[in-house]
Each structure stands twice: as structure tokens, then as C-alpha cells.
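1. give the three-dimensional model of this entry:
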Amino acid sequence: MEAQQVIDKIIEQARTQAQQIIDEAQQKARRQSDAAQAEIDEYNKQTKQLADSAAQDKAARMLASARMASAKENLAAKQELLSEVFTETIKRLASMGESDYRAFMSALIKKAVTTGDEEIIVGHNEKRIDAEFIRQINSELGSKGNLKLSQQRADMAAGFILKCGKISINAAAETIVGAAREALEGQIAQELNIK
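-> Sure, this is the predicted structure:
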């Protein structure tokens, strides 16, 4: 499987899951909106009763407060759902099958290599990117293939850090998904916006 196909597959899975979470979020937001509307209706009823007395201002403040509280709850729920989508994407990337994972990482490493003398730092529990895998990539890189697997390990779920001297290219799953999150967050947030 080509790297682009793997990337497309990951993105499609992330989009599918994002859509499921969006649908759930919309249902949850509707329920919250209905509950908020019921609360607003109750406040409106109280406001009307209080309008006959001198307490009309107090009822209006209560209504505004309830609307603000409801809006804050909706926003918090949406932000939580976005975080869940991207956390699940990192988990899926880390749990990819070995051949798909290696093909994806191989493509990323080849794209990131500049001198060919870089060190590859992997996560503490990484077993799929090993010395044999690096030898295979070096072979594919030809004269530019002098990569080394670092003894240093990093705190990451999947992916790697390509290091040459003081320059590092971070291709950890968290970084890759973080970049995708920045690109997609606005779009997903708009889809979650329920009036």
C-alpha cells in the first residue's frame, strides 16, 4: 500500500469517526438545547409573573444567566468532542497493522530526510521501527542512505523524530495529528455549530 493511500485511509477513517462524533454531538447539543429551551420557557413564565411586580429586572438577569450557562456547556461539550476525535486518531495511527504502519513511516522518513545522516528517535515502546527497518530504508535511499536508529527514546505513541545535529523534524503521531487538527478544527467546529 502506498504511503499516500495509507494517509488517505487514515484521513478517511478520521473523517468517518469525526462525522460520527459530530452526529453524536449534534444529538447531544439538540438535547441540551431542548433542555435549555425548557428552562428558558420556565424563566419566561416566571418573568411574565414577575412583570406584574417590581422584580422584572431580576427575572431578565436570570434568563440571561441561564442562556450564558447553556452556551458555555455547549461550547465545553463541543471542545471535548473535538479532543476525543483527535485522541482516537492518534490511537488508530499507533495501532495500525505492521505493514501499513511501516509503509506510512517509510514514506514519512524518506520525505523528511535531508542529508541522509540523520538519527531516528522512536517512542519508548516502538517495536516496528527497528534496525532492520532502517537498513531497508537506507537501501532504498541509495547514496543518501546513512540513517541510524538512535539509542535515545522519546515519549510518543507512534512515529519518529528525525534528528541531525541541533535540527529535529518531529513526525510523532501527536505532532502529525496536531497539524491535521489545526487544519480541520475550524471546519469541524463549524459543523458542530447548532443553533
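2. which residues of this protein fall in helices?
-> Ranges of helices in the chain, per DSSP state H, are 3-51, 56-94, 98-112, 131-141, 173-192.
3. nearest to residue 163, of the ones you listed?
-> When the helices of the chain are compared by CB to CB, helix 98-112 sits nearest residue 163, at 10.5 Å. In short, each C-beta sits where N, CA and C put it, glycine included.
4. show me what that closest one is packed up against.
-> Contacts defined by 3 or more CB pairs under 8 Å, 6 or more residues apart in numbering; DSSP states H and E place helix 98-112 against helix 3-51, helix 131-141, strand 159-164, strand 167-172.
5. adding mean pLDDT, mean neighbour count and distance to residue 182, write these out as JSON lines.
-> Compiled in JSON lines, the helices and strands packed on helix 98-112 are given as follows (pLDDT from 0 to 100; neighbours: other CB atoms under 10 Å; distance: least, CB to CB, whole Å):
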{"stretch": "helix 3-51", "mean pLDDT": "72", "mean neighbour count": "15", "distance to residue 182": "14"}
{"stretch": "helix 131-141", "mean pLDDT": "91", "mean neighbour count": "14", "distance to residue 182": "28"}
{"stretch": "strand 159-164", "mean pLDDT": "89", "mean neighbour count": "21", "distance to residue 182": "17"}
{"stretch": "strand 167-172", "mean pLDDT": "88", "mean neighbour count": "17", "distance to residue 182": "14"}
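6. mind putting the ones you listed in JSON lines, distance to residue 66 included?
-> Converted to JSON lines, the helices and strands packed on helix 98-112 look like this (distance: least, CB to CB, whole Å):
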{"stretch": "helix 3-51", "distance to residue 66": "5"}
{"stretch": "helix 131-141", "distance to residue 66": "58"}
{"stretch": "strand 159-164", "distance to residue 66": "45"}
{"stretch": "strand 167-172", "distance to residue 66": "43"}
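7. residue 108 is nearest to which of these?
-> Among the helices and strands packed on helix 98-112, if distance is taken as CB to CB, the winner is strand 167-172, at 5.1 Å.
8. okay, the angle between that closest one and helix 173-192?
-> 60 degrees (axes from the mean of the first three to the mean of the last three CA atoms, to 10 degrees).
9. now strand 167-172: how far from the chain's centre is it?
-> 18 Å (CA atoms, centre = their mean, to the nearest Å).
10. same thing with stretch 131-150?
-> Here stretch 131-150 is found 31 Å from its chain centre; the criterion is CA atoms, centre = their mean.
11. name the residues that touch it?
-> By CB atoms under 8 Å, 6 or more residues apart in numbering, the list of residues contacting stretch 131-150 from outside reads 102, 105-106, 109-110, 113, 115-122, 129-130, 163.
12. output that stretch as CSV, nothing but the C-alphas.
-> The C-alpha trace of stretch 131-150 is given here as CSV (Å, rounded to 0.1, in the frame of the first residue of the first chain):
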residue,chain,number,x,y,z
ALA,A,131,17.4,-1.5,12.9
GLU,A,132,16.3,-3.8,10.1
PHE,A,133,13.6,-1.4,9.0
ILE,A,134,16.2,1.4,9.0
ARG,A,135,18.6,-0.7,6.9
GLN,A,136,15.8,-1.3,4.4
ILE,A,137,15.1,2.5,4.1
ASN,A,138,18.9,3.2,3.8
SER,A,139,18.9,0.7,0.9
GLU,A,140,16.0,2.4,-0.8
LEU,A,141,17.7,5.8,-0.3
GLY,A,142,20.8,4.7,-2.0
SER,A,143,23.8,7.0,-1.6
LYS,A,144,21.8,9.2,0.7
GLY,A,145,21.0,6.3,3.0
ASN,A,146,23.1,6.5,6.1
LEU,A,147,20.3,6.8,8.7
LYS,A,148,20.8,5.4,12.2
LEU,A,149,18.4,4.3,14.8
SER,A,150,19.1,6.3,17.9
